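A.B. asks: Sharing a model that was predicted from the sequence below.
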Amino acid sequence: MSAEEREAGVVDAHHHVWDLSVRDQDWIRGPELAPLRRDFTLADLEPEARAAGVAATVLVQTITVPEETPELLELAAGSELVAGVVGWVDLTAPDVADRLAELRAGPGGEYLVGIRHQVQGEPDPRWLVRPDVLRGLTAVAAAGLVHDLVVTPHQLDAAAEAAARLPELTFVLDHLGKPPVASRALHPWAEDVRRFAALPNTVCKLSGLVTEADWSSWTTADLGPYADTVLEAFGPDRMMFGSDWPVCRLAAPYDQVLSVARELTAPLTPAERHQVFTATAKRTYGLPRVTNGHPVNGSGPPAPGLFSTP
């Protein structure tokens, strides 16, 4: 761990929680996902995160129902670990701006830093550039929030088009756009992700790689070409670490995910690693500063178009 990381603390910019007694997670189906079919709470995460040197986290939505985001915001308000929430609203709703305002005004609303939709599940590969979706994304930008993108490689073209059409909105690419690590194919994903990264209002999470690889036999070397591609395309100041806990547990425990991310970024300078593991997430999401390992409320959301200039 670099001196900068020790002083500021690692930010885990992507994890989830769920309680199956509150709401089913209907995506957890089949024997391969059986290890995830139980409750995962902040109480489960906190000792693992603290042991790994993580000082603050970003809690990310999992399902597209309006009730989940207020619950996540209340969790953040009562947590000494969670510094921000990426929630969900229906981007196609005519009153999306009002819905965002309601979330911001509700309990824990100050922790709302971004919005995400499960674009990967949309059958239309150009869903992101539909007029109603672009109107919703414009409202997200106007609210001073960022937009997290969970897409598959065939949707990267539309993601780049949406980012080009909305330079005032920061787009955060989750899980590198889910490259085909298990098949060891690099193209055309590499060209598509570089096209997305060429836009200055884009950021990428170094997250989700172990679960795109072969869960039982992956090696750090398998992940290297994909990490190298995005680090070169975005640069360390537009890259941030995310564990994708508890989904990562299908392929690796929390501490190993962080350890592998450090291996993948070992060629960087200490200052560059500080960007990946702390500063980019804090800057992109406008996270509170971290003091003595705990989030301290105080900075608020980022200004629209955080990376609108090179």
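C.D. replies: Received the coordinates, thanks. Every value quoted in this text rests on a predicted model; they were computed, and no experiment measured them.

A.B. asks: Give me the distance between Val172 and Gln25.
C.D. replies: 22 Å (Cβ to Cβ, to the nearest Å). (C-beta placed from N, C-alpha, C; glycine too.)

A.B. asks: who has more neighbours, these two?
C.D. replies: More neighbours surround Val172 than the other of Val172 and Gln25, with 27 against 17 (other Cβ atoms under 10 Å).

A.B. asks: Name the next helix or strand following the one helix or strand Val203 maps to along the chain.
C.D. replies: Taking DSSP states H and E as the criterion, the element that holds Val203 is strand 202-206. In the C-terminal direction, the helix or strand that comes right after strand 202-206 (DSSP H and E) is helix 209-212.

A.B. asks: Pull out the buried positions in that following helix.
C.D. replies: For helix 209-212, the buried set under the neighbour-count rule, 16 or more other Cβ atoms under 10 Å, comprises Leu209, Val210, Thr211, Glu212.

A.B. asks: Could you do stretch 206-219 as well?
C.D. replies: Buried positions in stretch 206-219, judged by neighbour count with 16+ other Cβ under 10 Å: Leu206, Ser207, Gly208, Leu209, Val210, Thr211, Glu212, Ala213, Trp218.

A.B. asks: what's the span of it from first residue to last?
C.D. replies: The first residue of stretch 206-219 is 16 Å away from its last residue (Cα to Cα, to the nearest Å).

A.B. asks: can you give me the offset of that stretch from its chain's centre?
C.D. replies: Relative to its chain's centre, stretch 206-219 lies at 17 Å (Cα atoms, centre = their mean, to the nearest Å).

A.B. asks: what's that stretch in contact with?
C.D. replies: By Cβ atoms under 8 Å, 6 or more residues apart in numbering, the list of residues contacting stretch 206-219 from outside reads 13-14, 174-176, 178-182, 222-223, 226-227, 230-231, 239-244, 247-248, 250-252, 257, 260-261, 264-265, 276.

A.B. asks: Neighbour count says what about those? Which are buried?
C.D. replies: Neighbour counting with 16+ other Cβ under 10 Å marks 13-14, 174-176, 178-179, 181, 222-223, 226-227, 230-231, 239-244, 247-248, 250-252, 257, 260-261, 264-265, 276 as buried within these.

A.B. asks: Restricted to helices, list the residues you listed.
C.D. replies: Asp222, Leu223, Tyr226, Ala227, Val230, Leu231, Val257, Val260, Ala261, Leu264 (DSSP state H).

A.B. asks: Let me know the closest of the residues you listed to Glu272.
C.D. replies: Closest approach between those and Glu272, by Cβ to Cβ: Leu231, at 8.8 Å.

A.B. asks: show me what contacts the closest one?
C.D. replies: Taking Cβ under 8 Å, 6+ apart as the contact definition, Leu231 lies against Leu206, Met239, Thr265, Leu268.
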